[in-house]
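# let me see the structure of the following:
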Amino acid sequence: MASVAQTTVEVSDDAPRVAAEWAGLFDTVEEVDAPVTRIEGTVPAGLVGTLYRNGPGVHDFAESFFDGDGLIRALTFREDGGVHFKSRYVRTPKYEKQTALGRAVSRGVGTNLPGGWFRNAFRAPAHEANTSVFWHEGELYALEEGGHPYRINADDLSTLGMTDFEGNLTARSAFTAHPHVDPETGDALCFGTVFGLKLGLQAFRIDRSGRFHDIGTVPKLRDSFVHDFAVTKNWLVFFFTPTVTNILPILLGTSTYFDEIDWKPELGTGIALMPRAGGDIIELETEPFQVGHTVGAFEEGGELIVDLCQLDNWSQMGDAATAYRTSDWKGYGASRVRRHRIDPASKSLKSETICSLPAEFPRIRADTETRRGRYAFFAANTRPGEGGWFRATMKLDRETGATDLHDYGRYKVGLEPIFVARPGGTDEDDGWLIAFVHDGRNRASEVAILDARQVSDGPVATLHLPGNTGVTFHGTWRPGA
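Below you'll find the predicted structure:
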């Protein structure tokens, strides 16, 4: 693919953005149950269903924003045009005990308990269920890759309890925050880290009836944090970044998991290809890079085409996440979308940049998963190299590299946009994007609804939520609820 010029938005000044501009994004927030009464514009007819989002809502005891407690937000669009917002914390053992005592009770991946090594030695990080939320065949799950899913009541957001899928997930097996659903079979393709002396990734699928089917185990090619993966019609693709974790200080309680991740570029990035039908795993190596989220993947002419959001190294994300309250997230400005063409037969790979604007938290139309899709939607910044929490919602044409972008402004944060298809629409971009937007000037939350066919026109409706709902990572759509 030839390089193309990127469409950017002109801003009034070139000063780097700083943490004060998204003030309140990491506030600890309260549960809410209230109608949305302040709406600018018009909620589109036909937009009926519930958008669920998950992200940390209690930050009082967290030194890394990955260690906050999971808060499920539900924004329901009714047939009569009314909109209701509800949020409720996942009742994990950590959350319940912490709330009762009013103090830190558990270790996290980037947070140690007060009191030194004695209180932290040989303690595993707590499961906060704070990363993603997944609607699949009548079930709602709160996900975090450090443990098993929590089942959530989709109507009142009460916590139903943790599930191991009838014993198929062992105590040493976790569950990904990023299942991918094959639109042809309805299967949710998943993986989870298997902890122990010999680390690996267990791959499995959950069918339409909720039954668990094991696919196999991928040995870890690198000691890396694997957050997302790619799925095509016949393959699962895993990327292992060149990191090394110093285990001893973590076990002894003198340091945290995130503090002990070292970037080792000389190791390169490893790629493992697992056949979905079972069989031998193919391994190959490429230059070092830090994987973010998977945009989409498909097969073409014997090749696997995988589009990724990626950074140059781990510290661009890891350092900011550790100092999340004060960091300007400048390193995140180096994120970009790269396309990798993988030939399983020759074990070779060719890579190219298809978007140089900083972009992350990608979403695609659900029925293009595992297939060749043209469009993807992102939280983005407006110029190459621009740092800070993403200020825009962007549509990317993955064939031409053209971008269509709406900039909310330097004092706002546009979070992951969810694509919802218009009823009866057949074009890939015929639908709406729904994005939570944080307003740093007012420490408040909005929801922007944009026409995915013309993102740069701005929101067709802006919903002002009751107060501040804080930072959210990922979401899912339940139609017609």
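
# where's the most far-flung residue of the chain relative to its centre relative to Thr111, distance?
In terms of distance from the mean C-alpha position of the chain, Phe118 ranks first, at 33.8 Å (C-alpha atoms, centre = their mean). Applying C-beta to C-beta, to the nearest Å, the value for Phe118 to Thr111 is 16 Å. Where C-beta positions appear, they are placed from N, C-alpha and C, glycine not excepted.

# show me what contacts the nearest residue to Arg88 once chain neighbours are set aside?
Once flanking residues are discounted, Arg88 sits nearest to Leu157: 3.8 Å by C-beta to C-beta, 6 or more residues apart in numbering. Taking C-beta atoms under 8 Å, 6 or more residues apart in numbering, we find Leu157 in contact with 72, 74, 86-88.

# CSV please, covering those residues and showing secondary structure and pLDDT.
Listed next are the contacts of Leu157 as CSV, based on DSSP: H, G, I helix; E, B strand; the rest coil; pLDDT from 0 to 100:
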residue, secondary structure, pLDDT
Ile72, strand, 98
Ala74, strand, 98
Lys86, strand, 98
Ser87, strand, 98
Arg88, strand, 98
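
# what's the host helix or strand of Pro56 packed up against?
For Pro56, the element it lies in under DSSP states H and E is strand 49-58. Other helices and strands packing on strand 49-58, by 3 or more C-beta pairs under 8 Å, 6 or more residues apart in numbering; DSSP states H and E, are strand 69-77, strand 83-89, strand 132-136, strand 139-143, strand 412-421, strand 474-479.

# mind listing the strands that strand pairs with, and their directions?
strand 69-77 (antiparallel), strand 474-479 (antiparallel) (DSSP bridges).

# ranking those strands by burial, who's on top?
When the strands paired with strand 49-58 are scored by mean count of other C-beta atoms under 10 Å, the highest mean neighbour count falls to strand 69-77 (a mean of 26).

# report the angle between that strand and strand 83-89.
Orientation of strand 69-77 against strand 83-89 (axes from the mean of the first three to the mean of the last three C-alpha atoms, to 10 degrees) gives an angle of 160 degrees.

# run the angle between strand 69-77 and strand 139-143 for me.
140 degrees.

# contacts only, for the closest residue to Gly55 other than its chain neighbours.
Leaving aside its chain neighbours, Gly55 sits nearest to Thr472 (3.5 Å; criterion: C-beta to C-beta, 6+ apart). Thr472 makes contacts with 53-55, 73, 415-416, 436, as judged by C-beta under 8 Å, 6+ apart.

# repeat for Arg365
373, 375, 419, 421, 428-429, 431.

# compare those and tell me which has the most neighbours.
Within the contacts of Arg365, Gly431 tops the neighbour count with 23 neighbours, counted by other C-beta atoms under 10 Å.

# pretty sure that residue sits against Pro423.
No - when contacts are counted by C-beta atoms under 8 Å, Gly431 is not listed as touching Pro423 (9.2 Å).

# hey, what's in contact with both of these two?
With C-beta under 8 Å, 6+ apart as the test, Gly431 and Pro423 reach no residue in common.

# give me the pLDDT for Arg453.
We have a pLDDT of 98 for Arg453.

# ok, for it, nearest residue in space, not its chain neighbours?
Asp429 (5.2 Å).

# and Gly46, by the same measure?
Counting by C-beta to C-beta, 6+ apart, the residue nearest Gly46 is Pro423, at 4.8 Å.

# please enumerate the helices of the stretch 51-200 of the chain.
With DSSP state H, counting those that start in this stretch as the criterion, the stretch 51-200 of the chain has helices at 93-101, 117-120.

# possible to save the ones you listed as a markdown table with mean pLDDT?
Output for the helices of the stretch 51-200 of the chain, formatted as a markdown table (pLDDT from 0 to 100):
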| stretch | mean pLDDT |
| --- | --- |
| helix 93-101 | 97 |
| helix 117-120 | 95 |
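
# can you tell me which of those is nearest to Ile250?
Ile250 sits nearest to helix 117-120 of all the helices of the stretch 51-200 of the chain, at 8.9 Å, using C-beta to C-beta.

# starting at the chain centroid, how far to that closest one?
31 Å (C-alpha atoms, centre = their mean, to the nearest Å).

# same question, stretch 344-358
Worked out by C-alpha atoms, centre = their mean, stretch 344-358 lies 21 Å from the chain centre.

# pLDDT on that stretch, on average?
Regarding stretch 344-358, the rounded mean pLDDT is 96.

# how long is that stretch end to end?
30 Å (C-alpha to C-alpha, to the nearest Å).

# mind listing what's buried along that stretch?
344, 349, 354-358 (16 or more other C-beta atoms under 10 Å).

# ok, stretch 34-53 next?
Buried residues in stretch 34-53, defined by neighbour count with 16+ other C-beta under 10 Å: 36, 43-44, 47-53.

# for stretch 134-146, same thing?
Those buried within stretch 134-146 under the rule 16+ other C-beta under 10 Å are 134-136, 140-146.

# list the residues that contact Asn168.
For Asn168, the contact set (C-beta under 8 Å, 6+ apart) comprises 204, 212, 214.

# which among the residues you listed gets closest to Pro288?
Distance to Pro288, by C-beta to C-beta, is smallest for Phe204 among the contacts of Asn168, at 29.1 Å.
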